[in-house]
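In: output the structure for:
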Amino acid sequence: MARFFVLFIVLLAILFGLELTPWGQRLVVVPWTNALAAIATSIVTLFDANVVASGKVIRSVGNGFAVSIEAGCNGVEATLVLFAAILAFPAPWKHKVLGLLIGTLAVQLLNIVRVISLFYIGQWNFDVFEWAHLYAWQALIMLDVLVVWLIWVRRVPRDDDRAPPPALAAR
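Out: Model prediction:
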């Protein structure tokens, strides 16, 4: 357990450090954030044609309300926490890769719901928007990371589930 915790903290520091570099922002964070805005907008326009995205901003053409997806709201940090937890946990690489792919998808799908809901909540009531943005959704996204990781951990084969090496089994 101590090995996991130390490795988790070290990986978090490395991943967050890389995220904050200018090239990390340019190559990963900005395109990720713009893609999130474009995906959320494309979903919203299925029901509301008066919504446009410009970079990281989603705007209602009808009333002018807009949300800008900033750091902490793009799901990058939540995904990095999930990456660190999965990579730090002792598991076969095949399971880690699968966990990273499915986990990232799960976190980002919920984050799309988050962005869309905040876009509409903000048009309805700005005080509720502030509360949902600063408290409810922050907690829900991190809870999602925890739940995804716990589900993944339950599905990873444990050491005692694996057959012993043939040399040891013969003794």
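In: gap between the lengthiest helix in the chain and the chain center?
Out: For the chain, the longest helix by residue count, based on DSSP state H, is helix 93-124. Taking C-alpha atoms, centre = their mean, to the nearest Å, the mean C-alpha location of helix 93-124 is offset from the chain mean by 5 Å.
In: pLDDT averaged over it - what is it?
Out: For helix 93-124, the mean per-residue pLDDT is 96.
In: what helices and strands are in contact with it?
Out: Other elements packing on helix 93-124 under the criterion 3 or more C-beta pairs under 8 Å, 6 or more residues apart in numbering; DSSP states H and E are helix 30-44, strand 57-60, strand 66-68, helix 76-88, helix 126-131, helix 137-155. Placement of C-beta: from N, CA and C, glycine included.
In: right, and F89 touches V153 too?
Out: Yes. Assessed by C-beta atoms under 8 Å, F89 is found in contact with V153 at 6.5 Å.
In: please identify which of the two sits among more neighbours.
Out: The neighbour count for F89 versus V153, taken as other C-beta atoms under 10 Å, is higher for F89 (18 against 15).
In: output the lowest mean pLDDT helix or strand found in the chain.
Out: In the chain, no helix or strand scores lower on mean pLDDT, DSSP states H and E than helix 166-169, which sits at a mean of 56.
In: residues contacting the residue nearest the centre of the chain?
Out: Geometric centre of the chain, nearest residue: T79, 3.5 Å, by C-alpha atoms, centre = their mean. Contact analysis of T79 by C-beta atoms under 8 Å, 6 or more residues apart in numbering lists G103, T104, V107, Q108, V145.
In: in space, what's closest to H95 - neighbours in sequence excluded?
Out: Closest residue in space to H95, ignoring its immediate chain neighbours: V156 at 5.0 Å, by C-beta to C-beta, 6 or more residues apart in numbering.
In: from A136, how far out is the one you found?
Out: 30 Å (C-beta to C-beta, to the nearest Å).
In: picking that back up, tell me the buried residues in the longest helix of the chain?
Out: Residues of helix 93-124 classed as buried by neighbour count (16 or more other C-beta atoms under 10 Å): 95-96, 98-100, 103-104, 106-108, 110-111, 114-119, 121-123.
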